[in-house]
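Asks: with the input below, show me the fold.
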Amino acid sequence: MSEKTTGSHQPTSRWRTTGKRALTVLLCSVMGLCSGIGLTSCDDAEFKYSNFHCNFVLNNMQHQDATLASAMNPFAKGIFCRITFQMKSGAKYFIFENTNGDRSEKIFNAEDERNHSEQRIGMNNGLIVGYSAYDDVFFAYDNQCPQCFDYNALPVRNYPLSFSGNDIVKCANCKREFALSISGNGLTRYDATTTGPLGLLHVH
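Replies: Residues are numbered from 1 along each chain as shown. The predicted model follows:
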């Protein structure tokens with residue numbers, strides 16, 4: 001009786017062993033394929049920032065800008081704001097534009113003037129900041145297309161991204177689209193913190 005029982009379970013045991021080996025081979029093949037096309041682990045994607053440092057600080061307690069505040073509000077996820085700089089009639093202005101279609105500008109105050117000599121608004125005058133639509137991650141991206149822009153090119157050519165509905169940006173040159181709320185989307189990302197809608201924004 002024991003021989004029959006052992007004999008009846010041997011195929012099942014062999015099948016389980018073979019199945020596990022096949023599954024292992026399959027998983028290894030998939031992982032190898034993923035690494036071959038440049039995918040990285042979640043941790044690597046989440047904490048990999050650009051080597052270019054902005055050292056950008058803006059105090060929205062002083063500006064009270066609603067367009068920028070909308071992107072620094074953790075309860076209004078999925079709204080992103082572009083920050084650029086512009087000279088008008090000899091005065092310096094911050095320009096704010098968000099994915100809701102709002103636009104505003106604020107003239108530099110005394111604190112901005114003190115910081116401006118050391119500030120970098122991205123690689124070529126442009127940052128995009130905002131909370132992911134899916135979690136509590138606060139993102140800061142460069143406004144230049146990572147596929148087209150070359151920081152070391154002479155002369156430097158501008159390839160800015162434009163908002164293309166919801167939290168999507170698009171490059172007019174290469175036609176690529178990028179999802180702002182998704183980590184590892186290929187955009188140039190910076191480490192960033194905010195103390196709230198009417199608080200301090202620091203991109204570094």
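
Asks: show me where this protein has its strands.
Replies: Assigned by DSSP state E, the strands in the chain fall at 56-59, 80-88, 91-98, 103-107, 127-131, 138-142, 161-163, 168-171, 177-179, 192-194, 200-203.

Asks: these two touch, right, Cys81 and Asn100?
Replies: No - between Cys81 and Asn100 there is no contact under CB atoms under 8 Å: 9.3 Å. C-beta here means a position set from N, CA and C on the backbone, and glycine is covered the same way.

Asks: next, count neighbours for Val129.
Replies: As a burial measure, Val129 scores 25 neighbours (other CB atoms under 10 Å).

Asks: the closest residue to it other than its chain neighbours: neighbour count?
Replies: With sequence-adjacent residues excluded and distances taken as CB to CB, 6 or more residues apart in numbering, Val129 is closest to Ala140, at 4.7 Å. Neighbour count of Ala140, defined by other CB under 10 Å: 28.

Asks: please apply the same query to Gly186.
Replies: Gly186, neighbours per other CB under 10 Å, totals 13.

Asks: OK, contacts around it?
Replies: The contact partners of Gly186, by CB atoms under 8 Å, 6 or more residues apart in numbering, come to Pro146, Gln147, Phe178.

Asks: torsion angles phi and psi at the first one?
Replies: Which is Pro146. The phi/psi pair for Pro146 (degrees, to the nearest 10) reads phi -70, psi -20.

Asks: one more: the second one?
Replies: Here the main-chain torsion angles of Gln147 (degrees, to the nearest 10) amount to phi -90, psi -30.

Asks: which residues touch it?
Replies: Cys171, Cys174, Arg176, Gly186.

Asks: tell me how far Ser183 lies from Ser132.
Replies: Applying CB to CB, to the nearest Å, the value for Ser183 to Ser132 is 8 Å.

Asks: what's the overlap in contacts for these two?
Replies: Common contacts of Ser183 and Ser132 (CB under 8 Å, 6+ apart): Phe139.

Asks: where in this protein is pLDDT low?
Replies: 1-48 (pLDDT under 70).

Asks: at 50 what do you get?
Replies: Flagging of the chain using pLDDT under 50 yields the residue ranges 1-47.

Asks: domains of it?
Replies: As assigned by automatic domain parsing, the chain contains the domains 2-39, 47-203.

Asks: and the contacts of Gly186, which is closest to Lys77?
Replies: Nearest to Lys77, judged by CB to CB, of the contacts of Gly186 is Phe178 at 17.4 Å.

Asks: quick one: closest of the strands of the chain to Ser70.
Replies: Nearest to Ser70, of the strands of the chain and by CB to CB, is strand 91-98 at 5.4 Å.

Asks: buried residues, that closest one. List them.
Replies: Applying a neighbour-count criterion of 16 or more other CB atoms under 10 Å, one finds Tyr93, Phe94, Ile95, Phe96, Glu97, Asn98 buried in strand 91-98.
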